[in-house]
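Colleague: Just the structure for this:
(2 chains)
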Amino acid sequence: MTPGALDGVRILDLTSEMGWYCGKLLADLGADVIKVEPVGGDPSRGRAPFWQGIPGRETSLCFWYFNANKRSVTLDLGQFDGRWLLGELVNTADIVIESWTGAERAELLELGVDPEAYMEAQPALIWVSITGFGLDGPKAGWEVTDIVAQAAAGIATLAGYPDGSPMRIAGNQGYIVAGISAAQGALLALLQAEATGEGQRVETSIQEALSICQETAHLQYDFLGTSRQRVGETRRLPGIGTYKTSDGYIFSMVGIPGFGAPWSEVIQWMDEHGLAEDLTEPAYLETFANFDLRILLEEEEQAKHATTLNRAQEVISKFYESKTTLEVYEEGQSRRLLIGQVATPADLGESPHLAAREWWLELNQPTTLGQPDAQLRLPGPPYRLSETPAAIRRAAPQIGEHNQEIWVDEVGIPAEDLIAFAGEGAV
Amino acid sequence: MTSPNGARPLEGIRVADFSWFGVGPIAARTLADFGADVIRVESEARIDGLRHGEPIKPGKTGHNVCAYFNNFNADKRSFLLNMSVEGSRDVAYRLIERSDIFVSNLTPRMFERWGLTYEELCEVKPDIIAAYQPMLGLWGPYRDFAGFGAVLTPITGISHLSGDPDRMPVGVGTNFPDYVVNPGHTVVAILAALRHRRRTGQGQRIELAQIESVSATMGPALLDYTANGVTQQRKGNRSSWMCPHGIFRCADDPSSRERWIAIAVGDDAQWESLCAVAEGAPFTADDRFATLLGRRRHEDNLNAMISDWTASFDAASLAIHLQSVGVAASLVHDGEDMCEHDEHLAERGFYEYLDHPETDISLYDGPIVKLHRTPGYLASPAPLFGEHTYEVATEVLDYTPDQVAELTASGVFS
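Modeller: Here you go, the predicted model:
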């Protein structure tokens, strides 16, 4: 078996869905990630979509995807014995990750679950807090969900349609970005701790991490005093934007100087299919031969060429609509035009490119007792490391699946004590 | 600013940044924020398009006045090297030899042409950590397809799944994956590889195919297809388990700016809290909305009634009120809010304002994550185009002033 870059690193993952991705990134790179769940299981285990559409705590595809490679123990932090057990487990860990809400954090602190105290007792410990707004400031402790984070980070205002509401980006991207930010922080702190013996607190504010995705909105305000707004489907220029095809949609971004082949290539492409119509006439060709940044940026220039631009818009729209999405994508790209398929999950699942690259991973995932394992084709890792590849070594755990193994065999709690703890509901 | 508790984690690490536009430079900037010496390789012959992007400092022209570029390149040194001039490759290899990390989001064709493949880098620096970020990977049928965030958003399913179900999938308004998803994943991989190198002495190649990096973030939707054959559709701002869940119009501000609030109600207790805040609004007394199931079944009606209610409120105050009773909510911020009106961000000091020779005091994003003992920070604003060529050539690459003059004359340093 190939080594993992994070072999030998033990991580306690106390997060809910907001923090799942951080632990996944680190686990896939080889860390031993122990998911510490409340006795009834992580409440976020109930997230759709579900295996075969059957809702349940052991059938969530969402949970499986983000928690493969982790082991699970349960404990009740509301009980003294549960908190004592957590302390024993923290003693064995290099990194703790949590994503407590403001209310949970305050409550736990009152019960004595205090990150600073653990770190004092264990100087090399790294404690990663994933929060909506950070650990201090007027909004520390604010409730957060993905859409609220996207609103607070300035990105929802840029997404969507100008005549509609601001829009959320799909895929819980706030939680994803939080996970990526926290994983970077955890690894930076790990490098530091392994070099100096000193651990530290690491803090992700989703608002801050996600706000980097504003692109230029904040920079524009700083320079020009104006706020960028969403533009949606308003196409200022032909060849730029989302177009219908015969079986779906295509995103097209052609004719921008410096980005792929020029507009004249589009005309030639359409002409080869007999669909360029009158755009091959010299007057049009001349405009496109001189299609430059000024036409792109200046409304005055656009007005001057309005007839040509409108005509080109009609012709290219009809051209795209006469072909399939895949035809436009593959032929366009082979002509060095910046064109992207508006892919559905099915398109990705059937993508010849991802298949040829053997990106998908096979995984046998146990479901509820008595049912056969789910045979999963799991999305692969975000990167490929030649010597220490990210890998899936085990399926996502069932609730408390590793209680015996971790509490008794690894932490050293006597088996009879564990039975007593279970009896009082502490594990 | 100085680190209160000593050195940053990446001090002593040198990065040869052969990248441009977003993904590569942003990954390298995070490394710089945490102490690495990042040498940004640039050339007049192939200038980074972001240097001439927008926004531009009013009244200024030239290579150094675009905030889009400057923000992603703070804390680096700019080194001119024209890879199409004879002799440049030796200089590049000399830089690689003295670096720990190589970063590039050039197309595979480009670094093959420039002699910057992993195998070639290993010949001069056997333990190099080389991070490549080609859009579709180093191999595969679509290897040479070109693009950046604007193309990645559609080809990874984000566009299809974002937005209104009744309208075109127009994307998300920005090159979203370029800013954190792809650079952040790259940094995670680099840091993991650094740990492996410290333990074993072994470097490695990192291949971040951007399509895979972004698709990995869409795991549940993709798994729904591969496991269940279900092709999910976009559903606007709605959630499958929270309701109400959306963005609602509030009162315009005095300058007629549209104001919106995001509200997410996860359970019945939060619903009751929302109703208490909205005392007297028609939906609070409507039994149809007492349960999650009922709220979801009548979501169109509910959303319309909530919009009626929010329409007269100041969004920021309403968000504070809702948060005070435990309901997740926020004003939908725009650029002005982020820079000027968010007291929380200001108090935390997230944005850094650095004095740049041509753009004066300008705003930069702070580090993406906060380390309490060894925090990242920006030691200097973006470099001027080629600002550090001489310094890097003599101090890092150990060329004599005569050699520098020669390499400058021959166009290698251009």
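
Colleague: where are the low-confidence patches of the chain?
Modeller: I went with chain A, as the question did not name one. A:1, A:369 (pLDDT under 70).

Colleague: you looked at the wrong chain, it should be chain B
Modeller: For chain B, the ranges with pLDDT under 70 are B:1-6.

Colleague: quick check: longest helix of it.
Modeller: helix B:181-200 (DSSP state H).

Colleague: That one close to chain A?
Modeller: Yes - looking at helix B:181-200 against chain A by C-beta under 8 Å from any C-beta of the partner chain, the contacts come from B:181, B:184-189, B:191-196, B:198, B:200. For every residue, glycine as well, the C-beta is placed using N, CA and C.

Colleague: tell me which element the residue nearest to B:Asp33 when sequence neighbours are not counted falls in.
Modeller: Leaving out its chain neighbours, the residue that sits closest to B:Asp33 by C-beta to C-beta, 6 or more residues apart in numbering or on different chains is B:Gly376, at 3.7 Å. Under the criterion DSSP states H and E, no helix or strand holds B:Gly376.

Colleague: Also the one 3 residues further on?
Modeller: Assessed by DSSP H and E, B:Ala379 sits outside every helix and strand.

Colleague: Is it in contact with B:Val38, as I believe?
Modeller: No - between B:Ala379 and B:Val38 there is no contact, the gap being 11.0 Å when judged by C-beta atoms under 8 Å.

Colleague: Quick check: neighbours shared by those two?
Modeller: When C-beta atoms under 8 Å, 6 or more residues apart in numbering or on different chains defines a contact, the residues bordering B:Ala379 and B:Val38 alike are B:Asp75.

Colleague: These two: which is more packed in?
Modeller: B:Val38 (29 against 15; other C-beta atoms under 10 Å in any protein chain shown).

Colleague: Tell me where the stretch 101-250 of chain B has strands.
Modeller: B:101-104, B:129-132, B:204-207, B:245-249 (DSSP state E, counting those that start in this stretch).

Colleague: Now do the residue of chain A positioned farthest from its centre against A:Ile267, distance only.
Modeller: In terms of distance from the mean C-alpha position of chain A, A:Pro282 ranks first, at 48.2 Å (C-alpha atoms, centre = their mean). Here the criterion is C-beta to C-beta, to the nearest Å. By it, A:Pro282 lies 12 Å from A:Ile267.

Colleague: which parts of the longest helix of chain B are buried?
Modeller: B:181-197 (16 or more other C-beta atoms under 10 Å in any protein chain shown).

Colleague: Helix, strand or coil: sort out A:Ile406 for me.
Modeller: helix (DSSP: H, G, I helix; E, B strand; the rest coil).

Colleague: Let me know the helix or strand that the closest residue to it other than its chain neighbours is in.
Modeller: Once flanking residues are discounted, A:Ile406 sits nearest to A:Val73: 5.0 Å by C-beta to C-beta, 6+ apart. Element membership for A:Val73, per DSSP H and E: strand A:70-74.

Colleague: partners of that strand, with directions?
Modeller: strand A:32-37 (parallel) (DSSP bridges).

Colleague: for the helix or strand that the partner strand is followed by, packing partners?
Modeller: The helix or strand immediately downstream of strand A:32-37 is helix A:61-67, counting by DSSP H and E. Judged by 3 or more C-beta pairs under 8 Å, 6 or more residues apart in numbering or on different chains; DSSP states H and E, the packing partners of helix A:61-67 are helix A:20-28, strand A:374-378, helix B:219-228.
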